[in-house]
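>>> Predicted model and sequence follow; I will ask about them next.
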Amino acid sequence: MVKIGDIELDVPFFQAPLSGYTDYAMRKLAFEMGCPLAFTGVMLDKVAVHPKAVRKLKFQPGIDERPVGAQVMGATPEVMAQASAAFEKMGYDLIDLNFACPAPKVLRRGRGGCMLTKPETAIEIFKQVRDAVKCPVTVKLRICYGYMDGTEENFWQICEGLSNAGVDAIAIHGRSVKGMYRGKADWKTIKAVKEKFPATKIFGSGDIMDAQTAVERYKSTGIDGIVIARGAIGNPWIFREARALFEGKPMPEGPSLEEQGIMMLRHFEMLLNMNPERKSVPYFRKFSARYTKRHPQRKKVLMALLKPKTREGIHDAIRKWYGVGMEEISDESIAVNLRS
């Protein structure tokens, strides 16, 4: 068991906040597969301070998902504190501060990974958020802004400041901000953070694409837990598999084609229940690219799922390649239950 503030996780992993992916539908399926904690994609602080904007359904947590965290990104301590308090009031159980995002448009605005060039501001943001909310507050970091640019020292300064200020957990992705997702994640640095700050909860992230790697990284580093990010896209079964291995049970058999098809249909239908068809169809394509990795004829199936422009086209492709249709899906399994 791992505690993040007053939140208890019965297994040492959770689903990462992933911008453009971890919406209600992805989180709901992750919880069903054994994930103990999930997060929204990143949400800008300025959204939360506009009542009309924040009332949009996409910002609302579900009544059937607990615990769920809100990841917030911004550059101004006062606004970040105000936004975090607003998200807590909406029903989120945890606030995660994004000091790691490497997207160029984010960096141009001085947010996300730019905090690694402004350690004092990063620490002040945490302190003001910590004072503004009652729920646990965690922070997402990368190990520096760019290698050999002096920001490695900033990283350690931020870790020390957060630890001294009582952060509930730090999730560290083992790459630089400039490194994006190139090369291999540096788990030695993640391990070193835990060794230097043993009283602080440290979670590691980077290249966790399967359950076996999650367990290996956990055991070899001595950290408190693992963050499963890209490995969970189109692969909610990774949580079932990781849970079994962490509990000392045999690796579960992979999902059958029928189970894969049903999961895909449910995911797609939940998206349709939240957004218009014209948005849901292209949005689902990036999940299809990952779902099809488990199919023995992946390339053909992927092409079949990338072509459709309508709901019916997606249904037809899944029926053809997975042998299942909407008659096997219950209304309850695709219901969207948001806390509006």
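That came in fine, so what should we check first? Numbers count the residues shown, from 1 in each chain.
>>> rest of the way, CA atoms for contacts and neighbours
Fine.
>>> In the stretch 51-200 of the chain, where is pLDDT below threshold?
Counting by pLDDT under 70, the ranges of the stretch 51-200 of the chain that qualify are 57.
>>> how does it look with 80?
51-59 (pLDDT under 80).
>>> Show me how this protein divides into domains.
2-246, 257-334 (automatic domain parsing).
>>> Output the ones you listed in a markdown table; the columns should cover mean neighbour count.
Output for these, formatted as a markdown table (neighbours: other CA atoms under 10 Å):
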| stretch | mean neighbour count |
| --- | --- |
| domain 2-246 | 20 |
| domain 257-334 | 17 |
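>>> Following the chain past the helix or strand hosting residue 154, name the next helix or strand.
Here residue 154, judged by DSSP states H and E, is contained in helix 151-165. Using DSSP H and E, the helix or strand that follows helix 151-165 in sequence is strand 169-176.
>>> can you list the residues that contact that following strand?
Where contact means CA atoms under 8 Å, 6 or more residues apart in numbering, the residues beyond strand 169-176 that reach it are 4, 100, 137-147, 159, 181, 184-187, 189-190, 200-206, 227.
>>> can I have it written out in CSV, keeping just the CAs?
Output of strand 169-176 as CSV, limited to C-alpha atoms (Å, rounded to 0.1, in the frame of the first residue of the first chain):
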residue,chain,number,x,y,z
ALA,A,169,4.6,13.1,-4.0
ILE,A,170,6.9,13.9,-6.9
ALA,A,171,6.4,12.1,-10.2
ILE,A,172,9.7,12.3,-12.3
HIS,A,173,10.0,11.5,-16.0
GLY,A,174,13.5,10.5,-16.7
ARG,A,175,14.2,12.8,-19.7
SER,A,176,15.0,16.4,-20.2
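>>> quick one: it to helix 151-165, angle?
Interaxial angle of strand 169-176 relative to helix 151-165 (axes from the mean of the first three to the mean of the last three CA atoms, to 10 degrees): 180 degrees.
>>> show me what contacts the residue nearest to residue 175 when sequence neighbours are not counted?
Of all residues not flanking residue 175 in the chain, residue 185 sits nearest, at 5.3 Å (CA to CA, 6 or more residues apart in numbering). Neighbouring residues of residue 185 by CA under 8 Å, 6+ apart: 173, 174, 175, 206, 207.
>>> Look up which helix or strand residue 185 falls in, please.
Residue 185 belongs to no helix or strand when elements are defined using DSSP H and E.
>>> just the strands in the chain please.
Assigned strands in the chain, in chain order: 2-4, 7-9, 13-15, 38-39, 43-44, 68-73, 94-99, 137-144, 169-176, 202-205, 225-228 (criterion: DSSP state E).
>>> Let me have the ones you listed in CSV, adding distance to residue 248 as columns.
As requested, the strands of the chain are exported to CSV (distance: least, CA to CA, whole Å):
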stretch, distance to residue 248
strand 2-4, 17
strand 7-9, 16
strand 13-15, 15
strand 38-39, 23
strand 43-44, 36
strand 68-73, 26
strand 94-99, 29
strand 137-144, 28
strand 169-176, 24
strand 202-205, 20
strand 225-228, 16
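>>> I figured residue 201 hits residue 168, correct?
Yes. Residue 201 is in contact with residue 168 according to CA atoms under 8 Å; the separation is 6.6 Å.
>>> where do the contact lists of the two overlap?
What both residue 201 and residue 168 touch, as defined by CA under 8 Å, 6+ apart, is the set residue 4.
>>> Quick check: the farthest pair among the contacts of residue 185?
175 and 207 (10.2 Å; CA to CA).
>>> any common contacting residues for those two?
The contact sets of residue 175 and residue 207 overlap at 184, 185 (CA under 8 Å, 6+ apart).
>>> and residue 206, backbone torsions?
Main-chain torsions, residue 206, degrees, to the nearest 10: phi 130, psi 110.
>>> How much space separates the residue nearest to residue 271 when sequence neighbours are not counted from residue 115?
Closest residue to residue 271 apart from its sequence neighbours, by CA to CA, 6+ apart: residue 280 at 5.8 Å. Distance of residue 280 to residue 115, given as CA to CA, to the nearest Å: 33 Å.
>>> likewise residue 192?
Taking CA to CA, one finds residue 192 at 21 Å from residue 115.
>>> And for residue 279?
Note on residue 279: its distance to residue 115, by CA to CA, is 33 Å.
>>> before we move on, back to that, could I get the contacts of residue 185 in a markdown table, plus columns for distance to residue 89?
As requested, the contacts of residue 185 are exported to a markdown table (distance: CA to CA, whole Å):
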| residue | distance to residue 89 |
| --- | --- |
| 173 | 29 |
| 174 | 32 |
| 175 | 33 |
| 206 | 31 |
| 207 | 34 |
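>>> contacting residues for the nearest residue in space to residue 264 that is not next to it in sequence?
Distances taken as CA to CA, 6+ apart place residue 291 nearest to residue 264, at 7.5 Å, with adjacent residues excluded. Residues in contact with residue 291 (CA under 8 Å, 6+ apart) are 233, 234, 235, 260, 264.
>>> Looking at residue 291 now. What's its pLDDT?
Residue 291 carries a pLDDT value of 98.
>>> separation between it and residue 261?
Counting by CA to CA, the gap from residue 291 to residue 261 is 9 Å.
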